[in-house]
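# 3D model of this:
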Amino acid sequence: MYLATKQINGRTHYFIRETYSHQNRFLSRNLFDLGTDPGRYIIYPGGNSFYIHESVEERLNALDVYPRGDELEDIFWRFLDPGIKRALDTFRNRQKSLKRRKSQTAKNTAPVKYHIFDRRRILYLRCGRTNQHNIGCVPQKLFRILADKSRDEIEQQFMEMEKILNVREYKTYTYVIFNLQGFFTQWFAQTAPKMLDQRAVDEHFLEEICRLNSDRMYWNGMETGDVLHEYLVRYVVMYFDYDYAPKSFIEEYIRKFINSHRDYRPPLKFRETDLSKVGALFKASPESLKQMSRKDLVRLYRKRIQKLHPDKGGDHDAFIRLTRVYHDLLRTKK
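Next up is the predicted model:
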């Protein structure tokens, strides 16, 4: 059994679900609708003790499901009173560690073939690996948490694991797990994706997410429709609603260049005369730069830097000026 969440009319609803085996596939089914507040099923008789309301277990038993050990406690743990949770946390973690060691010793170590998309996600979330060209050499035990689970349970698990991501990582995360760097031969495709042609990157992302959406091996018996599955929609949001982290290769290059010359220049105060010079760098009129949104300015900067970067035969000094002016001008945009 596992806890699942679903957005219904803008609110998070919780469900107890079960993974079961059917015709050599792992499928899932709903067992109990916990509503929007699972905490109401937790009873506190006093002290640091608690138990789950009997109606939950009665409903599960009626479906011929009998929770083992701490299964129900694991499902409701996140909704427990914080003070009681702190008091019990040390003991609970010790017990979990002992059980995990015993189960791993008894488990069959026969190799299992996990989907490449799941392996990329695990490798990034657990190891922070953006360079995954040798993912085939990663020990299989790293992916053991995916074993014997339905696609629904795996996706619910990833939704929980992805909560550790900082919003600044969202776009980099999607860039890595969809292996978008594999479509480019430039040396900076691995370390500085924002220097690539973003239109081409966008096209490859859309192609890959549509391909995954229609991959029957990936869904493994889970029902899918003609539109993008709700479990993949979050990656579209991560990719298009966020940008790469500001600590990019380009900014690091500029910072080292400035520090090496020990030359500090205060931010520009974009007067009318300044905008004329800036317009020449951006190949845009001062009026359009004034009216341009932050998003449009970023798009224009990416286009210009493709032509001015020294590695592409551009002018080194113009590249430096453009990047410096871009950051100063970006501060004036909301």
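
# only C-alpha atoms from now on, for both contacts and neighbour counts.
Will do.

# helices or strands up against the host helix or strand of residue 18?
Per DSSP states H and E: residue 18 is located in strand 11-22. Contacts defined by 3 or more C-alpha pairs under 8 Å, 6 or more residues apart in numbering; DSSP states H and E place strand 11-22 against strand 2-8, strand 25-35.

# quick one: these as CSV, columns for mean neighbour count and distance to residue 48 too.
As requested, the helices and strands packed on strand 11-22 are arranged in CSV below (neighbours: other C-alpha atoms under 10 Å; distance: least, C-alpha to C-alpha, whole Å):
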stretch, mean neighbour count, distance to residue 48
strand 2-8, 16, 23
strand 25-35, 17, 23
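
# could you dump these to a markdown table with mean pLDDT?
Conversion of those to a markdown table gives the following (pLDDT from 0 to 100):
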| stretch | mean pLDDT |
| --- | --- |
| strand 2-8 | 94 |
| strand 25-35 | 95 |
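
# looking at those strands, which is closest to residue 90?
strand 2-8 (22.2 Å; C-alpha to C-alpha).

# which strands or helices does that closest one pack on?
Counting by 3+ C-alpha pairs under 8 Å, 6+ apart, strand 2-8 packs on strand 11-22, helix 151-161.

# got these as TSV, with mean neighbour count and distance to residue 225 columns?
As requested, the helices and strands packed on strand 2-8 are arranged in TSV below (neighbours: other C-alpha under 10 Å; distance: least, C-alpha to C-alpha, whole Å):
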stretch	mean neighbour count	distance to residue 225
strand 11-22	16	21
helix 151-161	17	15
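
# need the ones you listed in TSV (columns: mean pLDDT and distance to residue 52).
Output for those, formatted as TSV (pLDDT from 0 to 100; distance: least, C-alpha to C-alpha, whole Å):
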stretch	mean pLDDT	distance to residue 52
strand 11-22	95	13
helix 151-161	96	22
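
# next, format the ones you listed as CSV and append distance to residue 309.
Shown next, in CSV, are the helices and strands packed on strand 2-8 (distance: least, C-alpha to C-alpha, whole Å):
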stretch, distance to residue 309
strand 11-22, 46
helix 151-161, 38
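
# which one of the ones you listed lies closest to residue 198?
helix 151-161 (26.7 Å).

# the next helix or strand after that closest one - what's its average pLDDT?
Note on helix 151-161: by DSSP H and E, the next helix or strand toward the C-terminus is helix 170-177. Model confidence over helix 170-177, given as mean pLDDT, is 95.

# what helices and strands are in contact with helix 170-177?
Looks like helix 170-177 contacts helix 116-127, helix 230-240 (3+ C-alpha pairs under 8 Å, 6+ apart).

# list the buried residues of the longest one.
So that's helix 116-127. 118-125 (16 or more other C-alpha atoms under 10 Å).

# with pLDDT added, can I get the residues you listed in CSV?
Shown next, in CSV, are these (pLDDT from 0 to 100):
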residue, pLDDT
118, 96
119, 96
120, 96
121, 96
122, 96
123, 94
124, 95
125, 95
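
# quick one: which of those is nearest residue 324?
Distances from residue 324 to these, taken by C-alpha to C-alpha, are shortest for residue 124, at 32.1 Å.

# what's near enough to touch that closest one?
If a contact means C-alpha atoms under 8 Å, 6 or more residues apart in numbering, then residue 124 has 130, 173, 176-177 as its contacts.

# can you give me the helices in the protein?
Assigned by DSSP state H, the helices in the chain fall at 54-62, 71-76, 82-106, 116-127, 151-161, 170-177, 198-213, 216-219, 230-240, 249-261, 272-282, 286-291, 294-308, 316-330.

# among the ones you listed, which is the most enclosed?
helix 170-177 (a mean of 21; mean count of other C-alpha atoms under 10 Å).

# show residues contacting that helix.
117, 120-121, 124, 130-131, 181, 205, 235, 238-240, 242-245.

# columns distance to residue 223 on top of the buried residues of helix 116-127, output as TSV?
As requested, the buried residues of helix 116-127 are exported to TSV (distance: C-alpha to C-alpha, whole Å):
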residue	distance to residue 223
118	18
119	22
120	23
121	22
122	24
123	27
124	27
125	27
